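A.B. asks: one predicted model, sequence on top.
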Amino acid sequence: MNDAQTLRAIRILHAAIYVVLMICTCILLYAGITGAYSLWLWIALALLAVEVCVYVGFGMRCPVTDWAVKYGAPQGHAFDTHLSKRHSDWLFNTITALMALGLLLL
């Protein structure tokens, strides 16, 4: 696999992780609002906990983004979205706030 193919695979992986974490955040928020505790909530909490540990463990930087930069992605922020750095940062802060709200509601 050449660098372009590797980078494409990393982008797909990064996008997949992003989608799964957004779904987990929605599940957490839904459970917090409705009180609907289920196996899906515990799976979502586990995945979000792993994500937080990985993110903090890598110095508040996404290790997948660092990996992509190694294979030629632009440096800076979420390389697989079409958002500006400002919008990407806003989205990150919003998702973090929704996760915190979901936890508080639980």
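C.D. replies: The structure has been received and is ready for your questions. Keep in mind that what you see is a predicted model, and the values were worked out from it rather than measured. Residues are numbered from 1 along each chain as shown.

A.B. asks: how close does Ile43 sit to Val69?
C.D. replies: 30 Å (Cβ to Cβ, to the nearest Å). C-beta here means a position set from N, CA and C on the backbone, and glycine is covered the same way.

A.B. asks: how about Gly32?
C.D. replies: 35 Å.

A.B. asks: neighbour count winner among these two?
C.D. replies: Neighbours were counted for Gly32 and for Val69 using other Cβ atoms under 10 Å; Gly32 has more, 18 against 15.

A.B. asks: nearest the geometric middle of the protein, what residue?
C.D. replies: Geometric centre of the chain, nearest residue: Tyr18, 4.1 Å, by Cα atoms, centre = their mean.

A.B. asks: give me the element that residue is part of.
C.D. replies: Using DSSP states H and E, Tyr18 falls within helix 3-34.

A.B. asks: following that helix, which helix or strand shows up next?
C.D. replies: helix 39-57.

A.B. asks: which helices and strands sit right next to that next one?
C.D. replies: helix 3-34 (3 or more Cβ pairs under 8 Å, 6 or more residues apart in numbering; DSSP states H and E).

A.B. asks: hang on, the earlier thing: could you check the angle the helix holding Tyr18 makes with helix 39-57?
C.D. replies: Relative orientation of helix 3-34 versus helix 39-57 (axes from the mean of the first three to the mean of the last three Cα atoms, to 10 degrees): 130 degrees.

A.B. asks: for Lys85, give me the pLDDT.
C.D. replies: Note on Lys85: pLDDT of 71.

A.B. asks: kindly apply the preceding question to Val64 instead.
C.D. replies: 84.

A.B. asks: and it, which of the three is it?
C.D. replies: Assigned by DSSP: H, G, I helix; E, B strand; the rest coil, the conformation of Val64 is helix.
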